[in-house]
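**Q** Coordinates only, no sequence provided:
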């Protein structure tokens, strides 16, 4: 028998672990951000989400946050703007 | 989404089913595999407004639940191989042994296994045995465990010198090509190159690479006729380009259907590398133009949105350049969007004969850039007629900044500085334009020797 030993070409990744944010029990009275990925009709979807949440929950404040293309990270300026608005939750359109 | 979760803000992403593997793999590589998702039946770019609204109606409970139900985090520490198309693989150790009754069968078995797990580009691979990898490592003085890129996007795999050398072996490179591959990987990881966009888009994007300086001739990079095509003359070009793609796959996780969401693809993705035809450049070679010594070897990388060729015989500079200006503009495709959303570069591959004609008529490279910027572009009518009204605001911003009037063209780049020019190929008539995704990035090669 012939034999061949090869090295493993696959990269190892060691990401920083992100702990999921604590969820509120209800969306009543919450500030909810909408983040559009700038793809066609993603804004239509998020507007419908806004409409439906406003029908179901009292005192919700729903606004569009700075938009970003999905494959581009938010800039520090955009993050600062989001932090300033202090959303309790964010809904994103994240694929075409 | 991940950044917001990190900031303590609960999130949910609405994602089409087609993109679920991409979403999950991205969630994993960003350290939050549990990130909630609401699944849309289809990509919203492909259905009507009414269908989008109906789809949202059907998933609203899912969205609310994702934002109000506690998300349990799993394992505390993540350290694992990047996600590959073959799923959990038996080849998880540092090495893997194959056995067969003869070498031909052994070679086939190795290739079949690597193909099965999605670790190749479709062509036969050279087995990365320890002796072959050690031989490849003679091409650099850097240690095997040196980290070239800590988080190589988009899967954020760790690109060590040895992992890159393994890809170079698989691609068929010789050891003396390794410094070029290492410098290319360094260039791709520069944020200005925008590797995430180049890797993950639904567009047929790929790195376009060109080399300047003495190493071009030292290792035999083709810079004359047909440097992007097949053939033994292009062995160096092809194998370096291929090695870069294998690194993008096996370290960057750019696998079709996982991170690479390409709708059609292009054979350009197997690898694109040329040398600049410096001898035929009547101006300064690109690396000298941007401040390098002529004796310094560098590689430049541009994420390519598309390549458009021009074919023209003329001895009039304005006529020649007008046709280059026409192939810069592709308003039905992604080039214009990349230019105006991302302020991307565009790269003219000027035919040597054209460069000679233009330069002998007294034009500098800056004159050429100025003419192309003034001449290239599409009209407002063409933009809206082409159905691109949805992204007009980004275009109009540039239009207004330039003070252009109704009926005047919107240029295909945001400023003339975004137009880069090299002289490439050999023979008459044909030149080309490479529309960029991000910026043209240049890195020195010699430090990787």
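**A** Okay, I see it. As the structure is a prediction and not an experimental result, all values here were calculated from the model.

**Q** nearest residue to the residue of the stretch 151-300 of chain B found nearest chain A other than its sequence neighbours?
**A** Proximity of the stretch 151-300 of chain B to chain A (C-beta to the nearest C-beta) peaks at residue B:157, 2.5 Å away. For glycine as for every other residue, the C-beta is placed from the backbone atoms N, C-alpha and C. Spatially, and ignoring its direct neighbours in sequence, residue B:157 is nearest to residue A:11 (2.5 Å; C-beta to C-beta, 6 or more residues apart in numbering or on different chains).

**Q** The top helix by length along chain A: which residues count as buried?
**A** Across chain A, the longest stretch assigned as helix under DSSP state H is helix A:42-56. Neighbour-count burial for helix A:42-56 flags A:42, A:43, A:44, A:45, A:46, A:47, A:48, A:49, A:50, A:52, A:53 (criterion: 16 or more other C-beta atoms under 10 Å in any protein chain shown).

**Q** excluding its backbone neighbours, what's nearest the second one?
**A** When you say that, I think you mean residue A:43. residue A:36 (4.9 Å).

**Q** Just give the number of residues close to residue B:189.
**A** 20 (other C-beta atoms under 10 Å in any protein chain shown).

**Q** residues touching it, list them.
**A** Residue B:189 makes contact with B:148, B:149, B:152, B:153, B:159, B:195, according to C-beta atoms under 8 Å, 6 or more residues apart in numbering or on different chains.

**Q** Looking at neighbours, which among those residues is most surrounded?
**A** residue B:152 (29 neighbours).

**Q** Help me confirm that it comes into contact with residue B:158.
**A** Yes. Proximity of residue B:152 to residue B:158 meets the contact threshold set by C-beta atoms under 8 Å, at 7.2 Å.

**Q** Need the overlap of contacts for those two.
**A** Here residue B:152 and residue B:158 have A:11, B:251 as joint contacts, going by C-beta under 8 Å, 6+ apart.

**Q** all strands of chain B, in order?
**A** For chain B, the strands defined by DSSP state E occupy B:11-16, B:37-40, B:80-81, B:95-100, B:147-152, B:157-160, B:206-212, B:273-275, B:298-311, B:346-350, B:419-423, B:430-436, B:441-444.

**Q** Now for residue A:93: which residues touch it?
**A** Per C-beta under 8 Å, 6+ apart, neighbours of residue A:93: A:35, A:36, A:37, A:39, A:42, A:43, A:45, A:46, B:13, B:14, B:44.

**Q** Can you tell me how far the last one is from residue A:47?
**A** Taking C-beta to C-beta, to the nearest Å as the criterion, residue B:44 is separated from residue A:47 by 12 Å.

**Q** go on, the third one?
**A** For residue A:37, the distance to residue A:47 under the criterion C-beta to C-beta works out to 14 Å.

**Q** Then residue B:367?
**A** 49 Å.

**Q** One more: residue B:324?
**A** 43 Å.

**Q** Listing request: residues of the stretch 251-400 of chain B with sub-threshold pLDDT.
**A** Applying pLDDT under 70 to the stretch 251-400 of chain B flags the ranges B:331, B:385-394.

**Q** Next: chain A.
**A** Checking chain A against pLDDT under 70 turns up A:68-72, A:94-96.

**Q** Residue B:323 reaches residue B:312, doesn't it?
**A** Yes. Counting by C-beta under 8 Å, residue B:323 touches residue B:312, with 4.6 Å between them.
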